[in-house]
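Student: show me the folded form of this:
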Amino acid sequence: MREIETRSYEFGEWRLDAEERFLWFRQQPVDLPPKAVEVLRVLLEKNGEVVTKTEILDSVWKDAFVEESNLAHNIYVLRKVFRERGENYIHTVPRRGYRFTGEARGVLREFEELTFERRSVTSLSIEEIHDSTPDRAVQPRPGFKVRAAFAALLVIAVLAVGGFTVWFSGASAEEAGTSKIGSLAVLPLADPDRTDGDAEISLGLADSLISSLGRLNRFPVRPFGGIEKYGKDGTDALAAGRELGVDSVLEGTVLRADDRLRVSLRLLEVESGRQIWSGYFDSENGDLLALQHTISHNVARAILRDLDQKELRSLERKPTESSEAYALYLAGRERWLKRDWDADSLRYYRKAIEIDPDFALAHLGIADQAAISGQTDEAEKALNKALELDPELHEAHATRGFIRMFLKWDWRGAEASFRKAVELAPNSPKAHHWYGTFLSVAGRFDEALRELETASQLDPTAMIIKTDIAEVHYFKKDYRRAEQMLDAVLEADPSFMKARECLMRVRHKKGSSYARELISFYIDDAKRMSEEGVKGSVSTDELEALLASGDEKKMSERLVSNFKGKPGSPPNHYALAAIYTDLGRKREAVEALNGALRARSFMLPFAAVDPLFEGIRGEPGFRDVLAKIGLPSG
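Tutor: You can find the predicted model right below:
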């Protein structure tokens, strides 16, 4: 005997799938919070009758005590969805509740027939998109009842969404959510066609996924800087996951043909190699913004089964409503991520803002680049606009902390900004890293190490964080430990010159000649630039001959001459102060620090804690300089 039950409701061009909690309009799914769908279901079940607020609350929130404001909010969400499409189906009955005013009809479904249809769809979908892993195909079986049939549609689904075709396979959202993802790496999407446009798409989509999933603060998501090097075809995703220290990795491919985009993604469990989830996203019009939004939303739903309303709103929030502005932002962002900090990057951001003046991320892009360039006024103007548009943009609070620390010397304000960034994004390595840098400059070394070690746990491949941890040990005068850590960094990446420069200072404090160590460093750096084809790299013959001579006086004179600069070029005041301190020329060292003060040198705050300046710490002029930037003299 066939069972019959109402499982969906139709009204006008709308259909509510009550079992799956999906609302459809003209065959397109409508994004709604699950509770809003439940509220609509209760109203449709009564079909024109008044439903009291108590009845709705008892039905939708039966296992929890909630205020009526929760119901009012979901009614508002439903009305907004209907109004956007020129309709209004929900009427308020004063002091009583609500009623549905449209003409709805329940659709009866026969379970046995439904089972057969779903078997067919499931098998076809597996053949089309799961052919590489036939062992994971879902095999229909006799007696397959409605619950299992619905689960099958969760395993393999095909949706048409606003010009997109979206295919899902692998585990259901509920099953994927039980995988207990503790950490995730989103690898740059493979780009077989190797065109510039697709490179921006590949990097941009990976970056946006990292940002969207990271905002949920459910688990650490490795930042782009940690995964950038894996952006090559043929990357072993599981090996990358092991190297990055994560338990799950998301990999994929992006293809483009004319205006059509296809993005394929797979979520893998690193330890077992098991595929947790996979999906294919086809866009007919090449709309990157809509594509990014659709992917982020569906990936999050696939791996997290218990998203709350705040998290759903975070996923629903689009950075801009303009696809053209978003494409321009991605072009600028791609250059920023590659450290290609030139005028082109700013040009893309500014064009994006011309199209959408309320695009917070584009304003932040300008602020970041201006801050790195030391353009305080432009950085602050762009940053203030970004935060006005999105007060919870944690990256903007981190950038504000950077500006206040290095460009404004506003230490109290800087700490407040870094604390806010950490509060908003506790899994952000950038927030912890920059806060740790602030604490090290402030001489709060134990606190600095805690923040930096947290940052390193969140981004274990970041050489700069490991180097900064070693530098704090150097500031603490634990030279042996600092040297061990820097040697480990350089063993992993011999070309990482920040670690090489820090090691130079450590070796000097352990007894080596400062001039000799510094010239050796400059030789190594020049050779690296030459090997990398960097423009402006110079011959090292003169420096190597000077080093071989062993004449330390000449080495020091050569360094002083170099730091003073050529006619028409500004001197390196901070470096001059360090070499003068080493030579015991205290008055000149203090004068050089005053020059760094006038020039607002980026490095000047480090003089408060760097052992290089021990020889002049007792000088009144040294204390005066640090007092002017609000730091103690140690």
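
Student: which SS state does the most centrally placed residue in the chain fall under?
Tutor: Centroid check for the chain by C-alpha atoms, centre = their mean gives residue 211 as the closest residue, at 3.4 Å. Counting by DSSP: H, G, I helix; E, B strand; the rest coil, the backbone at residue 211 sits in helix.

Student: neighbours of residue 568, how many?
Tutor: 5 (other C-beta atoms under 10 Å). To be clear about C-beta, it is placed using only N, CA and C from the backbone, and glycine gets the same treatment.

Student: just checking, it is part of a helix?
Tutor: No - Residue 568 sits outside any helix when classified using three-state DSSP, being coil.

Student: list the contacts of it.
Tutor: By C-beta atoms under 8 Å, 6 or more residues apart in numbering, the contact set of residue 568 is empty.

Student: likewise residue 517?
Tutor: Applying C-beta under 8 Å, 6+ apart, the residues near residue 517 are 504-505, 507-508.

Student: ok, now residue 428?
Tutor: Contacts of residue 428 by C-beta under 8 Å, 6+ apart are 214, 223, 394-395, 398, 421-422, 458.

Student: closest one of the residues you listed to residue 367?
Tutor: Within the contacts of residue 428, the smallest distance to residue 367 is 9.6 Å, found for residue 395 (C-beta to C-beta).

Student: test my guess that that closest one contacts residue 430.
Tutor: Yes - assessed by C-beta atoms under 8 Å, residue 395 is found in contact with residue 430 at 7.1 Å.

Student: what sits in contact with each of the two?
Tutor: With C-beta under 8 Å, 6+ apart, residue 395 and residue 430 have common neighbours residue 421.

Student: got TSV for the contacts of residue 517, with pLDDT, neighbour count and secondary structure too?
Tutor: Listed next are the contacts of residue 517 as TSV, based on pLDDT from 0 to 100; neighbours: other C-beta atoms under 10 Å; DSSP: H, G, I helix; E, B strand; the rest coil:
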residue	pLDDT	neighbour count	secondary structure
504	95	21	helix
505	96	23	helix
507	95	20	helix
508	95	20	helix
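
Student: now the two most distant members of those residues.
Tutor: Greatest spatial distance among the contacts of residue 517 (C-beta to C-beta): 505 and 507, at 7.4 Å.

Student: contacts for stretch 411-420 next, please.
Tutor: Against stretch 411-420 from outside (C-beta under 8 Å, 6+ apart): 394, 397-398, 400-402, 404-405, 408, 431, 434-435, 438, 442, 630-631.

Student: need the buried ones from the residues you listed selected in PyMOL.
Tutor: Selection of the buried residues among those in PyMOL, burial being defined by 16 or more other C-beta atoms under 10 Å:
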select buried, resi 394+397+398+400+401+402+404+405+408+431+434+435+438+442+631
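
Student: restricted to helices, list the contacts of stretch 411-420.
Tutor: Among the contacts of stretch 411-420, the residues falling in helices (DSSP state H) are 394, 397-398, 400-402, 431, 434-435, 438.

Student: pipe the residues you listed into CSV and attach distance to residue 291 and pLDDT per row.
Tutor: Output for those, formatted as CSV (distance: C-beta to C-beta, whole Å; pLDDT from 0 to 100):
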residue, distance to residue 291, pLDDT
394, 24, 92
397, 28, 95
398, 27, 94
400, 31, 96
401, 33, 95
402, 32, 93
431, 28, 93
434, 31, 94
435, 34, 96
438, 38, 96
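
Student: and which of these is nearest to residue 298?
Tutor: Residue 298 has its nearest neighbour among the ones in helices among the contacts of stretch 411-420 in residue 394, at 23.6 Å by C-beta to C-beta.

Student: how about the contacts made by that closest one?
Tutor: 420-421, 424-425, 428, 431.

Student: touching, residue 470 and residue 485? I think so.
Tutor: Yes - taking contacts as C-beta under 8 Å, residue 470 lies within contact range of residue 485: 3.8 Å.

Student: coming back round to it: could you dump the contacts of residue 428 into a markdown table with distance to residue 244 added?
Tutor: Compiled in a markdown table, these are given as follows (distance: C-beta to C-beta, whole Å):
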| residue | distance to residue 244 |
| --- | --- |
| 214 | 14 |
| 223 | 11 |
| 394 | 22 |
| 395 | 21 |
| 398 | 22 |
| 421 | 23 |
| 422 | 22 |
| 458 | 11 |
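
Student: quick one: which of these is nearest residue 203?
Tutor: The closest of the contacts of residue 428, once distances to residue 203 are taken by C-beta to C-beta, is residue 223, at 13.1 Å.

Student: residues near the closest one, how many?
Tutor: Residue 223: 24 neighbours (other C-beta under 10 Å).

Student: wait, is residue 88 part of a helix?
Tutor: No - going by three-state DSSP, the assignment for residue 88 is coil, not a helix.
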